[in-house]
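kindly return the folded structure for what I paste below:
(4 chains, ligands or ions: 6)
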Amino acid sequence: MANAIAAIEALADVIIANKEKLTELDAAIGDADHGINMTRGFEAVRSKLAAVEQLKDIGSVLKLVGMTLISTVGGASGPLYGTAFIRAAAVAQGKTVIDIDMAAQMFEAAIGGIKDRGKAVRGEKTMLDALEPAYEAFTQEMVKGESLTGCLTLATAAAASGVEYTKTIIATKGRASYLGERSIGHQDPGATSSYLILATLTAFAIEQEV
Amino acid sequence: MANAIAAIEALADVIIANKEKLTELDAAIGDADHGINMTRGFEAVRSKLAAVEQLKDIGSVLKLVGMTLISTVGGASGPLYGTAFIRAAAVAQGKTVIDIDMAAQMFEAAIGGIKDRGKAVRGEKTMLDALEPAYEAFTQEMVKGESLTGCLTLATAAAASGVEYTKTIIATKGRASYLGERSIGHQDPGATSSYLILATLTAFAIEQEV
Amino acid sequence: MVGIVVVSHSGKIAEGICELAAQMAAPGQKLIAAGGMTDGDTGTDAYKIQAAIKAANSGDGVLVMVDLGSAVLSTELAVDMLDDELKGQVVIADAPILEGTVAAAVEASIGQSLVSVVATAEGARELRKR
Amino acid sequence: MVGIVVVSHSGKIAEGICELAAQMAAPGQKLIAAGGMTDGDTGTDAYKIQAAIKAANSGDGVLVMVDLGSAVLSTELAVDMLDDELKGQVVIADAPILEGTVAAAVEASIGQSLVSVVATAEGARELRKR
Ligand SMILES: Nc1ncnc2c1ncn2[C@@H]1O[C@H](COP(=O)(O)OP(=O)(O)O)[C@@H](O)[C@H]1O
Ligand SMILES: Nc1ncnc2c1ncn2[C@@H]1O[C@H](COP(=O)(O)OP(=O)(O)O)[C@@H](O)[C@H]1O
Ligand SMILES: [Mg+2]
Ligand SMILES: [Mg+2]
Ligand SMILES: [Mg+2]
Ligand SMILES: [Mg+2]
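Ligands and ions are numbered 1, 2, ... in the order given. Sure, this is the predicted structure:
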């Protein structure tokens, strides 16, 4: 489990480092708390991980992360990411290593969780606009026989484009929808945190390979 | 002004003595505060009257009462009785005694204030169901040549019937309207306080005559 | 008696609405506030909501009133985490939080069914203020 | 910028709603709470509301959001007591207090007119929660 925990620690670092950035993005089209929310969540995750005795598999690590985000994030991103981690945890139950097939399944389950919870579809200026193209890129490369890190790298690139794309569209879900057309021109904070999570996991996987 | 102030003191006594009764009536069909509201209001009136230097006419006394009720009663009865006293004050401006014609005008003005403010009509289970029949009885007797105390006595009797009548009707204004048909069978607290006010002023006028 | 849970991003709002509605309801009416985060910050916490739903339940079902969109997400998650029996007895009202809670509290406290309490809460959308 | 006054029987509710709406609005947005009585008891006070309207006004008009019927009575009385110029620039919204205030604050803080801020507040009646 050391690896899974280290990956989560890496996520926490990146989220906390981007606290201001995410909050600023949310100030433009929301309630200026996405970085604060995510930081509060990942700080709680960090202390939970430090306090817990022994986690027997990756599923347990991810479940702990999901449950902690649910009770500490506070914004829409709390139940959304919380559900994503818990759904991924179900796939990883009893597992101590992640291969490419399992990674794809976890990714799919996480996105499914976000969609079930938030009832959004692509194009509504949410985290899905980063995550869905990323998942598509991932599976496209996977069927071509790419490695896990190769697939992740392309997924991250697709997420980055997805984040850019959010600048061009109207928010129709979440708080930014109060702004209607005036949300155009602004980058979605949730899509941005989703990109950061993916980029961090990609970098982590690459490091592990070396 | 001694008389006007003494009359208001008498009102305060009666309202405070009926605090529990009015609150219980409001508990059945409202939010259980009418006696509390009116007591808070008339206690404030009492301290204002004690503190004020010199009131030059009946209008000034009634205006002070109205303004104090507006800022201290808190419930719907605050702006309603507050407006009633202020409208009556306008009639009594510059006056130091009340004759029967002026009494009728003040009464009419007070009811007009309650109707302008609350936009209720008779039959909606409000203070108007005590006050309007009382005013009608008053003017009916007045044209017959009755004395002020005679008119007031009959007005009070009509108000008492009006209070009884509120038990038979559905509330369509104020909080009791949340209960719809289930408000039937209950006596309206505001109609009850209106009756008490009228009964007290009647008794006061009779005492003055003796 | 149908229990009522008030979910707001703000602890003050949830408490205030419960207090206001309690003044109109019968004494035994359950009105449970689930507002803000455990640390007092603004937000909603699905576990806090879940606990409130359990506390509000006395067998006749629970109406949950919510403020903004993300409160709905947390509440739906809270409901998903309930056991199946209670889950089927919880309804999130599509209604204005304050107006709906006050109207629903009156209805619930006279012993009306969950269906009728929900209808009253949602009917509060049509209450005119002036 | 259109100012917003939030009138509730409860001080907690009025403050909480102003705080929640402020999080969605631009920093300069005036959101003035007029909740409860001066002594902290539940109720509305027309003089407190009148003072809040004056404080919220910066020349572009004031939207007043109210909770229950008797808050409307106090607010209308407060408006009647204003001088004629300001009186004509005050609108009491027929809208759900929390949902309307949040939506209106967003609209007001981007410099929309009183007419459009009122329409947004009243449109909040139609916002669906689920
Ligand atoms: N229904 C939804 N489905 C998917 N993502 C959503 C949904 N609602 C909001 N989001 C995402 O959540 C982000 C905002 O998160 P956050 O600021 O933490 O929550 P809140 O909006 O409650 O303050 C948005 O930028 C958007 O990406
Ligand atoms: N629109 C109205 N017009 C006339 N009287 C009204 C109106 N609304 C309420 N009332 C009266 O006010 C009384 C309730 O007063 P009170 O309990 O002090 O206020 P609240 O209902 O705000 O708690 C009712 O019994 C009724 O007689
Ligand atoms: Mg936010
Ligand atoms: Mg938020
Ligand atoms: Mg009352
Ligand atoms: Mg009251």
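
spell out the residue ranges of the helices in chain A.
Ranges of helices within chain A are A:2-17, A:19-29, A:34-51, A:58-72, A:77-91, A:100-118, A:128-143, A:148-166, A:189-209, based on DSSP state H.

anything in the longest one near ligand 1?
Yes: contact between helix A:189-209 and ligand 1, assessed by C-beta under 6 Å from any ligand atom, occurs at A:189-191. Backbone N, C-alpha and C define where each C-beta goes, glycine included.

next, format those residues as JSON lines and append pLDDT.
Shown next, in JSON lines, are these (pLDDT from 0 to 100):
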{"residue": "A:Pro189", "pLDDT": "98"}
{"residue": "A:Gly190", "pLDDT": "98"}
{"residue": "A:Ala191", "pLDDT": "98"}
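
which of the residues you listed lies closest to A:Leu62?
Distances from A:Leu62 to the residues of helix A:189-209 next to ligand 1, taken as C-beta to C-beta, are shortest for A:Gly190 (19.3 Å).

list the residues that contact that closest one.
Going by C-beta atoms under 8 Å, 6 or more residues apart in numbering or on different chains, A:Gly190 touches A:34, A:76-77, A:80, A:126-127, A:174.

excluding its backbone neighbours, what's nearest it?
Distance criterion C-beta to C-beta, 6 or more residues apart in numbering or on different chains; nearest residue to A:Gly190, sequence neighbours excluded, is A:Met127 at 3.9 Å.

could you do C:Val106 as well?
Nearest non-adjacent residue to C:Val106, counting by C-beta to C-beta, 6+ apart: B:Tyr178, 4.6 Å away.

what does A:Met38 give?
Distances taken as C-beta to C-beta, 6+ apart place A:Ile15 nearest to A:Met38, at 4.8 Å, with adjacent residues excluded.

check what pLDDT the closest residue to ligand 5 within chain C gets.
When scored by C-beta to the ion, chain C has C:Gln23 as its residue closest to ligand 5, at 7.9 Å. C:Gln23 carries a pLDDT value of 96.

now it: phi and psi?
Here is the backbone geometry of C:Gln23 (degrees, to the nearest 10): phi -60, psi -20.

pretty sure it contacts B:Ile36?
No: with contact defined as C-beta atoms under 8 Å, C:Gln23 does not reach B:Ile36; the gap is 10.7 Å.

neighbour count winner among the two?
Set side by side, C:Gln23 and B:Ile36 show more neighbours around B:Ile36, with 21 against 18, by other C-beta atoms under 10 Å in any protein chain shown.

could you measure from the more buried one over to B:Ala171?
Using C-beta to C-beta, to the nearest Å, B:Ile36 is found at 20 Å from B:Ala171.

report the contact partners of A:Gly35.
Contacts of A:Gly35 by C-beta under 8 Å, 6+ apart are A:15, A:18-24, A:26, A:189.

actually, A:Pro133.
With contact set as C-beta under 8 Å, 6+ apart, A:Pro133 has these partners: A:122, A:158-159, A:161-162.

roughly how far is stretch A:80-90 from the heart of the chain?
From the chain centre to the centre of stretch A:80-90 is a distance of 10 Å (C-alpha atoms, centre = their mean, to the nearest Å).
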